[in-house]
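Trainee: sequence plus the predicted model coming up.
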Amino acid sequence: MATYVIGDVQGCFKALRSLLDKLVFDPGRDQLWFAGDIVNRGPDSLSCLRFIKALGPAARMVLGNHDLHLLATYYANRAQKRKDTLGSVLSAPDCAALMHWLRQQPLMIWDQSRDLVVTHAGLPHIWSVSQANDLGQEIEAALKGERCVEFFEAMYGNTPEIWSESLTGMDRLRVITNYFTRMRFIDLDGTLNLSVKERAESAPEGFLPWFSVPRSDQTKVLFGHWAALEGVTGQAQFQALDTGCVWGGTLTAINLDSMQRISSPYA
């Protein structure tokens, strides 16, 4: 039995199937964990969703910002963006079932036996793993609840820029969501800069890539979201998985037992 964590698929279904062929993936024996952004920008988001949903207990995933955007488009009539490729999902006969399944997914997988966490954008140094897990569950409750439309209507935005336990309502939920799904650059106090999206070397003054700020634990963090890193953080504790498949790069998996990387090119 092997467990693989796979980076941002973003609708690249052919690349996903090619990667699984390389892994010799057997759903009766192996597990696939996905680091979010299953959908959007690529050509076949619908097949990606259907495939992962059909895997049942052989697959786990965390939500990324593009997955949340799809949910907001469906539940809150959020306008699609110019580069979105979500039409086939939204017009599919099984769209309602897919969206119900998608909003049951978590923001964080915490494997305590391996001392390992998977989230879409990473784990800020200002949160312990257990605190992050609790905060992620606040978002999951909002997603699953009867007031999910209210969450999706107010989810977008860059403020608050910093976490505080005193935050309430949508300000609290929005900043938690941003740490989990949009974070790249952070300062030592935990303030986010969400406007800069380039390489790690392009950090604004006073900010660092979030993984450059030391944590007080040795928990491994596997994440996607930041294609400009090209899978490189320079630190074994933090493993970047988005290798830009949708932009013509590769789709990457990590074997959690050996930490070996396996990649398949865009197809």
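Mentor: Happy to help now that I have it. Just so it is clear, the model here is predicted, and its values are computed rather than measured.

Trainee: how close does Leu188 sit to Trp210?
Mentor: 11 Å (C-beta to C-beta, to the nearest Å). C-beta coordinates here come from the backbone N, C-alpha and C atoms, glycine included.

Trainee: cool, Trp226 as well?
Mentor: Distance from Trp226 to Trp210, counting by C-beta to C-beta: 9 Å.

Trainee: between these two, what contacts are shared?
Mentor: 121, 184 (C-beta atoms under 8 Å, 6 or more residues apart in numbering).

Trainee: nearest the geometric middle of the protein, what residue?
Mentor: Closest to where the C-alpha atoms of the chain average out (C-alpha atoms, centre = their mean) is His120, at 2.4 Å.

Trainee: can you show me the helices along this structure?
Mentor: Assignment of helices within the chain using DSSP state H yields the ranges 13-23, 45-54, 65-75, 87-90, 95-102, 129-144, 148-154, 169-181.

Trainee: for those helices, give me JSON lines that also has distance to Leu192 and mean neighbour count.
Mentor: Output for the helices of the chain, formatted as JSON lines (distance: least, C-beta to C-beta, whole Å; neighbours: other C-beta atoms under 10 Å):
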{"stretch": "helix 13-23", "distance to Leu192": "30", "mean neighbour count": "19"}
{"stretch": "helix 45-54", "distance to Leu192": "27", "mean neighbour count": "20"}
{"stretch": "helix 65-75", "distance to Leu192": "13", "mean neighbour count": "23"}
{"stretch": "helix 87-90", "distance to Leu192": "29", "mean neighbour count": "17"}
{"stretch": "helix 95-102", "distance to Leu192": "25", "mean neighbour count": "16"}
{"stretch": "helix 129-144", "distance to Leu192": "14", "mean neighbour count": "17"}
{"stretch": "helix 148-154", "distance to Leu192": "17", "mean neighbour count": "17"}
{"stretch": "helix 169-181", "distance to Leu192": "6", "mean neighbour count": "21"}
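
Trainee: among these, which is nearest Val246?
Mentor: helix 13-23 (8.8 Å; C-beta to C-beta).

Trainee: and the closest one, average pLDDT?
Mentor: Here helix 13-23 scores 97 as its mean pLDDT.

Trainee: and stretch 109-123, by the same measure?
Mentor: Here the average pLDDT along stretch 109-123 is 98.

Trainee: need the contact list for Gly249.
Mentor: Going by C-beta under 8 Å, 6+ apart, Gly249 touches 227, 230, 243, 265-266.

Trainee: and it, how far is that from Ser212?
Mentor: Gly249 is 23 Å from Ser212, by C-beta to C-beta.

Trainee: cool, and Glu230?
Mentor: Taken as C-beta to C-beta, the span from Glu230 to Ser212 is 16 Å.

Trainee: before we move on, what about Gln260?
Mentor: For Gln260 relative to Ser212 (C-beta to C-beta), the value is 25 Å.
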